[in-house]
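In: Model the structure of this input:
(one chain, ligands or ions: 2)
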Amino acid sequence: MIYTLTLNPSVDYIVSVDPFEFGKTNRTATEMKNPGGKGINVSRVLNNLNIKTKALGFIGGFTGGFIEQKLREEKVDTDFIQVNGDTRINIKLQTGEETEINGQSPSVDQEHLNTLLEKLHVLQEGDLLVLAGSVPKSLPSNIYYSLLKEVEELGVKVIVDTSGEALEKSFPGNPFLIKPNHHELGELFDKSDLTVKDAVHYGRRILDKGVQNIIVSMAGEGALFLNKEITLFSNVPKGIVKNSVGAGDSVVAGFVASYSQHNDLVKAFQYGIAAGSATAFSNHFCEKAEIEKLIDEIEITKL
Ligand SMILES: Nc1ncnc2c1ncn2[C@@H]1O[C@H](COP(=O)(O)OP(=O)(O)OP(=O)(O)O)[C@@H](O)[C@H]1O
Ligand SMILES: O=P(O)(O)OC[C@@]1(O)O[C@H](CO)[C@@H](O)[C@@H]1O
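Out: Ligands and ions are numbered 1, 2, ... in the order given. Take a look at the predicted model:
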């Protein structure tokens, strides 16, 4: 079984405004309201690929109700924990470039956390758990490390997709996979504008800290896959990016979809990149046929 955990879900309000003028009343040309948060996005993409997951996380208020209702309509299985306060609303403003305003989440207390731990204790050998997204302020920044330790004895493979302190602190918990983009990887070492060579160098330093596999996505510039045995580079297919919200989550979902079926890291890397680009090239999360159309354009080379 595949589980996703979103500690900090959101309603994503994705609007295009053209032209956009600061200090003026602007009107939207298009708008969408979607259930969001990185783990939830992974569940939604896997659902598009006919792979069942259970989405865990903390939700509350009218926005939490919206998320549950939408996921129920899409037939994504959920087991959320209710918290006091409204789940945040994240604004994604498309004006030719993309600007994001991510909101604040309601607080999560010890009792909520204990309920989460109970839910995680039912996981079994062979299960995959995706821990994704930012950590609400009320939780410690080493929460993903604690959760990795919590399921360590269960034989579960854990994927961590987050950034900054929460990501860095997860490394000694030996996550099966992490997927930073090149900016997030650079941030961990106080570096910007990483080249492919730099990304390989810093990726290797993270492998030394206990992470088993790393995908470094670099938007239109390609992606890397690293573990102690192999270093691979992938190009990305050519196309017009329409909406990158959830493209990174689609890489994770595509990887999980393929790996859970074929147990092959290289194939899963390729499928993940195809899924990321298929989402980036459309206004919805990728579908199977869209991924399969791109897969042959993706060449994996050994570095
Ligand atoms: N210009 C592009 N051309 C082709 N594919 C792209 C492009 N930009 C993004 N993608 C696809 O989206 C994936 C994720 O992009 P990126 O490296 O920006 O990760 P991210 O920052 O986690 O994504 P997100 O925008 O969802 O936060 C890439 O690996 C690629 O598959
Ligand atoms: O604030 P976080 O948790 O880092 O990211 C949240 C978020 O930007 O990530 C998803 C796209 O990856 C969106 O659905 C959501 O709004």
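
In: quick one: contacts for residue 210?
Out: Contact partners of residue 210, counting by CB atoms under 8 Å, 6 or more residues apart in numbering, are 171-174. In this view, the C-beta of every residue, glycine as well, is placed from N, C-alpha and C.

In: Filter the residues you listed down to the buried ones and express that as a PyMOL selection.
Out: Here is the PyMOL command that picks out the buried ones among the contacts of residue 210, judged by 16 or more other CB atoms under 10 Å:
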select buried, resi 171+173
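
In: okay, the contacts of residue 210 in TSV with distance to ligand 2, secondary structure and pLDDT next?
Out: Shown next, in TSV, are the contacts of residue 210 (distance: CB to the nearest ligand atom, whole Å; DSSP: H, G, I helix; E, B strand; the rest coil; pLDDT from 0 to 100):
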residue	distance to ligand 2	secondary structure	pLDDT
171	18	helix	98
172	22	helix	97
173	19	helix	98
174	23	coil	98
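
In: check the contacts of residue 210 against ligand 1, which are close?
Out: Counting by CB under 6 Å from any ligand atom, the subset of these that neighbours ligand 1 is empty.

In: Rebuild the contacts of residue 210 as CSV, extending it with distance to residue 109.
Out: Shown next, in CSV, are the contacts of residue 210 (distance: CB to CB, whole Å):
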residue, distance to residue 109
171, 27
172, 26
173, 23
174, 28
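
In: How many neighbouring residues does the nearest residue to residue 186 once chain neighbours are set aside have?
Out: Counting by CB to CB, 6 or more residues apart in numbering, residue 186 lies nearest to residue 194, which is 4.7 Å off, once chain neighbours are set aside. Using other CB atoms under 10 Å as the criterion, residue 194 is surrounded by 22 other residues.

In: Now do the contacts for the spatially closest residue to residue 287 that is not a sequence neighbour.
Out: Nearest residue to residue 287 in three dimensions, chain neighbours excluded: residue 48, at 5.3 Å (CB to CB, 6+ apart). Residue 48 makes contact with 285-288 under the criterion CB under 8 Å, 6+ apart.

In: what's the spacing between residue 48 and ligand 2?
Out: To ligand 2, residue 48 is 15 Å away according to CB to the nearest ligand atom, to the nearest Å.

In: out of the contacts of residue 48, which touch ligand 2?
Out: Within these, nothing lies near ligand 2 by CB under 6 Å from any ligand atom.

In: Tell me the buried residues within the residues you listed.
Out: Listed as buried from the contacts of residue 48 are 285-287; burial here means 16+ other CB under 10 Å.

In: Which residues are in contact with the closest residue to ligand 2 within the chain?
Out: Residue of the chain nearest ligand 2, by CB to the nearest ligand atom: residue 36 (2.9 Å). Listed by CB under 8 Å, 6+ apart, the contact partners of residue 36 are 9-12, 90, 245-246.

In: For the most centrally placed residue in the chain, which non-adjacent residue is closest in space?
Out: What sits nearest the mean C-alpha location of the chain, by CA atoms, centre = their mean, is residue 249, with 3.5 Å. Distances taken as CB to CB, 6+ apart put residue 41 closest to residue 249, at 3.7 Å, once the chain neighbours are dropped.

In: pretty sure that neighbour is in contact with residue 246, am I right?
Out: Yes: checked against CB atoms under 8 Å, the pair residue 41 and residue 246 is within contact range at 4.6 Å.

In: can you pull out the helices in the stretch 101-250 of the chain?
Out: With DSSP state H, counting those that start in this stretch as the criterion, the stretch 101-250 of the chain has helices at 110-120, 143-151, 164-168, 182-187, 196-207, 247-262.

In: Go through the fifth one and flag the buried ones.
Out: Pointing back at helix 196-207 there. Neighbour count says helix 196-207 has 196, 198-200, 202-203, 206-207 buried, by 16+ other CB under 10 Å.

In: Contacts for that helix, please.
Out: Residues from elsewhere that reach helix 196-207, judged by CB under 8 Å, 6+ apart: 171, 178, 182, 185-186, 188-189, 191, 194, 214, 216, 218, 221-222, 224, 226-228, 231, 233, 303.

In: filter the contacts of residue 36 down to the ones close to ligand 1.
Out: 245-246.

In: most surrounded residue in the contacts of residue 36?
Out: Among those, the one with the most neighbours (other CB under 10 Å) is residue 9, at 30 neighbours.
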